[in-house]
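> what's the 3D shape of this:
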Amino acid sequence: MIRIVLVDDHKVLRHGLSQALKGEEDMEIVGQAENGYEAVKIAQELVPDVMMMDIAMPELNGIEATRQILKMHPQIRIITLSMHSNKKFIHEMFKAGARGYLLKDCEYSELINAIRVVMQNKTYLSPSITGVVIENYMMQGLEEKQNAFAILSDREREVLQLIAEGKTTKQVARILHVSPKTVEGHRTRIMHKLDIDSIANLTKYAIREGLTSAEAP
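Take a look at the predicted model:
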C-alpha cells in the first residue's frame, strides 16, 4: 500500500484529492497538512511513502518544507503539485529534492501516474512544463546567483517569509523557538545581504522570490 500525505493550504483541494484517491486500491491517505511546518511534523510522525506538496503556503513554503523533510527522511518521495509553472519554482523544488512536479490543472490520471513513477525511484516531470525545465537548464547559473535561495541561509529564508507575512519579532521567535534578539539579528543580516532597508520592500522581495504569496496574511 502506498501511504500518501497531502500538503496544501486549501482544504477543498485536499478533500477532493483525498476522495479521489480512495478509488485507488493500492493507495491510502494517511495524513494532511496545511502549511510547511505541519508537513515537517507529520513527515516525522508518519514517514509516508509519498507527499504531495504545494509551494505557496503560509509560515513555511513547500520548497523549505521539502528541504527540511528530506534532511530527516531522504526516502520520502515528494511530488510538487502547484499552480506555479515559473522556472524558478520548478528549479528550486527539484534542487530541494522533489521527485516530481505537476501543475494543479493536470488530469487525475497524470497525478496517479506520477505517484507510480516516483515509487519506482524515478523522477516525474509533467509534459506541460518540460520546455520550462529545458530553458532553465540552458540558462542555469545566470540568474541563480542573484536569487534568495543562493543569497540567504535556510533559517534566514524562514525568518524572511514570516516577516513578510506580517509576523512580529516575538511571533517569529515563538514559531522558530528562538529568542527575539536572534530574530532581530537574522533580520539585520537579511536586510544587509539584500540591500533592502524596509519591511515593505522585504515583503515585495519575498513575494517576488516565491518565499510567500500575495495572499498570505
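> How is the chain divided into domains?
The chain breaks down into these domains under automatic domain parsing: 2-139, 147-208.
> Pick the most deeply packed of those domains.
domain 2-139 (a mean of 18; mean count of other CB atoms under 10 Å). Heads up, the C-betas are built off the backbone N, CA and C, glycines and all.
> Would you mind checking the average pLDDT for that one?
Averaged across domain 2-139, pLDDT comes to 91.
> contacts for stretch 38-49?
Applying CB atoms under 8 Å, 6 or more residues apart in numbering, the external contacts of stretch 38-49 come out as 2-5, 7, 30-33, 51, 53, 60, 62, 65, 68-69, 72-73, 75-77, 119.
> change it to 7 Å
2-5, 7, 30-31, 33, 51, 53, 65, 68-69, 72-73, 76-77, 119 (CB atoms under 7 Å, 6 or more residues apart in numbering).
> Return the residues in contact with the residue nearest in space to the middle of the chain.
Nearest to the mean C-alpha position of the chain, by CA atoms, centre = their mean, lies Gly62 at 1.2 Å. Under the criterion of CB under 7 Å, 6+ apart, the neighbours of Gly62 are Val7, Gly36, Met53, Asp54, Ile55, Thr80.
> let's see it at 6 Å
The neighbourhood of Gly62, defined by CB atoms under 6 Å, 6 or more residues apart in numbering, consists of Met53, Asp54, Ile55.
> In JSON lines: these, plus secondary structure and distance to Arg155.
JSON lines is the format used below for the contacts of Gly62 (DSSP: H, G, I helix; E, B strand; the rest coil; distance: CB to CB, whole Å):
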{"residue": "Met53", "secondary structure": "strand", "distance to Arg155": "20"}
{"residue": "Asp54", "secondary structure": "coil", "distance to Arg155": "22"}
{"residue": "Ile55", "secondary structure": "coil", "distance to Arg155": "19"}
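> Could you check how far Glu45 is from Met72?
Note on Glu45: its distance to Met72, by CB to CB, to the nearest Å, is 11 Å.
> Met51 too?
12 Å.
> any idea which residue of this protein is furthest from its center?
Outermost in the chain, CA atoms, centre = their mean: Glu25 at 28.1 Å.
> Now do the phi/psi pair for that residue.
Main-chain torsions, Glu25, degrees, to the nearest 10: phi -60, psi -30.
> Distance check, it against Ala98.
The gap separating Glu25 from Ala98 is 26 Å, by CB to CB.
> List the contacts of the residue nearest to the residue nearest to the centre of the chain when sequence neighbours are not counted.
Distances taken as CB to CB, 6 or more residues apart in numbering place Ile55 nearest to Gly62, at 4.0 Å, with adjacent residues excluded. By CB under 6 Å, 6+ apart, the residues touching Ile55 are Asn61, Gly62, Ser82, His84, Phe89.
> do the same with Val7
If you count contacts by CB under 6 Å, 6+ apart, then Val7 has Ala33, Ala39, Met51, Met53, Asp54 around it.
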